[in-house]
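# A predicted structure for the sequence below; I have some questions about it.
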Amino acid sequence: MHVGMAAVFQNPGKARTDREVYRNELRLADLAEPLGFESIWGVEHHFTDYTMCPDVLQFLTYMAGRTERARLGSMVVVLPWHDPMRVAEEVAMLDTISGGRLILGLGRGAGKVEFDGFRLSMDESRQRFTESAEMLLLGLETGYCEYDGTFVKQPRAAIRPAPFKSFRGRTYAAAVSPESLPVMARLGVGILIIPQKPWKEVARELETYRTVYRELNGVDAPPPVSAGWTFCDESPARAEEMARRFIGGYYQTVLDHYQFQGDHLARTKGYEYYGKMAEKITQYGTDTVIDYFMNLQVWGTPKQCYEKILDIHARTGNSHYIGVFSYAGMPYEDAERNMRLFAREVMPALKKLGVEAPAGDRVPVASRAGEPSDVGLLGS
């Protein structure tokens, strides 16, 4: 299994200066390659302290110059917020600078504050994403972009520097709502899993995606990439305490940033599934939902962390695990200790795992601690 790390640049409550947050996150990113992590990932968000990385490709270009071997992953470039012609150029430039180390992750976004800030309608996001992705992915294979859609109208233009190798097999997209999965299968891209709903539901949707992918593309879908908010400690009690404080704290920032307590998602075209999530949050209450999210993530002793990732793999067949080790205002010293312990005690065993897709009737290797019933808090 490929093991990477992600830097997310959170500053909840502005407890520190933004500059200090950047200094600490970059220190952790600098540790990734020396510790043996095979990739470094960044995210894209705007306007709030939820995550302060407005240009993930710029961050990854910086890391390309500070590393020699680590792959560089976007989690994700949110296409509706960009001119896709510019994205094509920036992607080709980063891949050229890094010697072909980019793993391209794409998404459509779900934050109202971000769409409002860019003066865009969320109702248009799925079509904007699809048109942009179609043009971008074809352009990266042919060396030029050309498209005549409803929102994307691009006369033929060359991508310079020219892409020098295919992005097939190293392009992924985040898909939370089930309706997005057939879109990703038709685009021929892999799935990036951000854990936030029942694993049984994720596994069921992946099977549908794999079936559609095989029918449309004539080959098996690539294994998914799974991210996870991670806290590793020798003490199980301290691991749980820190997970509750910081992974729980992270999910509170999710609720705030995406305004899940409101009803706008249920009334927005293409976000009906998110609206159902918001209804569940209202039904069960914030505390219960935070506990639920925490128990989807990877925390505990090194052995417990390893077993939880094994369980994720049994359910999803993921080929990559991307750990997030610093979040919700965690002190730098704790984040570094967390990351170093994981790298020393968990990562070597993960790298020995195969990445075969799970059989449809395969039983997970271990039940998740505190996993909710089949209904799930965030299920449809």
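Arrived safely.
# Could you list the buried residues of the lowest-mean-pLDDT helix or strand in the chain?
The helix or strand of the chain with the lowest confidence, counting by mean pLDDT, DSSP states H and E, is helix 272-284 at a mean of 82. Of the residues in helix 272-284, those scored as buried under the neighbour-count criterion (16 or more other CB atoms under 10 Å) are 273-278, 280-281. Every residue, glycine included, has its C-beta placed from N, CA and C.
# If we only consider those, which is nearest to Ala15?
Nearest to Ala15 among the buried residues of helix 272-284, counting by CB to CB, is Ile281 at 24.9 Å.
# Hmm, that closest one is touching Gln261, no?
Yes - at 6.8 Å, Ile281 counts as touching Gln261 under the criterion of CB atoms under 8 Å.
# what touches both of these two?
Contact criterion CB atoms under 8 Å, 6 or more residues apart in numbering; residues shared by Ile281 and Gln261: Leu255.
# Now do Glu146 against Ala175, distance only.
Plainly put, Glu146 is 26 Å away from Ala175 if you go by CB to CB, to the nearest Å.
# Looking at these two, which one has more neighbours?
For the pair Glu146 and Ala175, the greater number of neighbours falls to Ala175 (24 against 14), based on other CB atoms under 10 Å.
# check contacts around the more buried one.
Taking CB under 8 Å, 6+ apart as the criterion, Ala175 is in contact with 181, 183-184, 191-192, 209.
# Inside helices: which ones of these?
181, 183-184, 209 (DSSP state H).
# any idea how far Tyr213 lies from Gly107?
Tyr213 is 18 Å from Gly107, where distance means CB to CB.
# Please disregard the earlier target; I meant Gln196.
Using CB to CB, one obtains 14 Å as the distance from Gln196 to Gly107.
# and these two? which has more neighbours close in?
Using other CB under 10 Å, the more surrounded residue of Gln196 and Gly107 is Gly107, with 26 against 17.
# Can you verify my assumption that the more buried one contacts Val176?
No - between Gly107 and Val176 there is no contact, the gap being 9.1 Å when judged by CB under 8 Å.
# the strands in the stretch 251-380 of the chain, which residues?
Residue ranges of the strands in the stretch 251-380 of the chain, as given by DSSP state E, counting those that start in this stretch, are 298-300, 320-324.
# Any idea which of the ones you listed gets closest to Phe37?
Of all these, the one in closest proximity to Phe37, counting by CB to CB, is strand 320-324 (8.1 Å).
# Go ahead and name everything in contact with the closest one.
Strand 320-324 is contacted by residues 1-6, 8, 39, 41, 73, 75, 223-230, 298, 309, 312-313, 339, 342, 350 when judged by CB under 8 Å, 6+ apart.
# which ones are touching Gln252?
Listed by CB under 8 Å, 6+ apart, the contact set of Gln252 reads 12, 286, 290, 328.
# Which among those residues count as buried?
Those of the contacts of Gln252 that meet the buried threshold are 12, 290, 328, by 16+ other CB under 10 Å.
# Need the per-residue pLDDT for the closest residue to Pro80 other than its chain neighbours.
Residue nearest to Pro80 in three dimensions, not counting chain neighbours: Arg128, with 4.0 Å by CB to CB, 6 or more residues apart in numbering. The model reports Arg128 with a pLDDT of 98.
# and the helix or strand where Arg128 lies, what does it pack onto?
In this structure, Arg128 is located in helix 125-142 according to DSSP states H and E. If you count contacts as 3 or more CB pairs under 8 Å, 6 or more residues apart in numbering; DSSP states H and E, helix 125-142 packs onto helix 84-98, strand 102-107, strand 144-148, helix 180-187.
# Looking at these, which one is packed in the most?
Mean neighbour counts were compared across these using mean count of other CB atoms under 10 Å; the top stretch is strand 102-107, at a mean of 25.
# Determine how far whichever helix or strand comes after that one lies from the middle of the whole chain.
Along the chain past strand 102-107, the next helix or strand (assigned with DSSP H and E) turns out to be helix 112-117. From the chain centre to the centre of helix 112-117 is a distance of 20 Å (CA atoms, centre = their mean, to the nearest Å).
# can you check stretch 87-100 too?
On the basis of CA atoms, centre = their mean, stretch 87-100 sits 20 Å off its chain's mean C-alpha point.
# Report the mean confidence score over it.
Stretch 87-100 shows an average pLDDT of 98 in the prediction.
# Also stretch 9-23?
Across stretch 9-23, the average pLDDT comes to 97.
# Return that stretch as CSV; C-alpha atoms alone will do.
As requested, the backbone C-alpha atoms of stretch 9-23 are provided in CSV (Å, rounded to 0.1, in the frame of the first residue of the first chain):
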residue,chain,number,x,y,z
PHE,A,9,-3.3,24.5,7.1
GLN,A,10,-6.1,24.9,9.6
ASN,A,11,-6.3,27.9,12.0
PRO,A,12,-9.6,27.5,13.9
GLY,A,13,-10.5,30.6,16.0
LYS,A,14,-7.4,32.3,14.7
ALA,A,15,-5.6,31.0,17.7
ARG,A,16,-2.2,31.6,15.9
THR,A,17,-1.1,33.9,13.1
ASP,A,18,-1.7,32.4,9.7
ARG,A,19,2.1,32.7,9.1
GLU,A,20,2.8,30.5,12.1
VAL,A,21,0.3,27.9,10.9
TYR,A,22,2.1,27.9,7.5
ARG,A,23,5.5,27.6,9.1
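# How about residues contacting it?
Stretch 9-23 is contacted by residues 25, 43, 49-53, 249-250, 252-253, 326-329 when judged by CB under 8 Å, 6+ apart.
# For PyMOL, write a command that selects the buried ones of these.
What follows is the PyMOL syntax for the buried subset of the contacts of stretch 9-23, where burial is set by 16+ other CB under 10 Å:
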select buried, resi 25+43+49+50+51+52+53+249+250+253+326+327+328+329
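# Now, the contacts of stretch 9-23 that are in helices?
Among the contacts of stretch 9-23, the members falling in helices (DSSP H) are 25, 249-250, 252-253.
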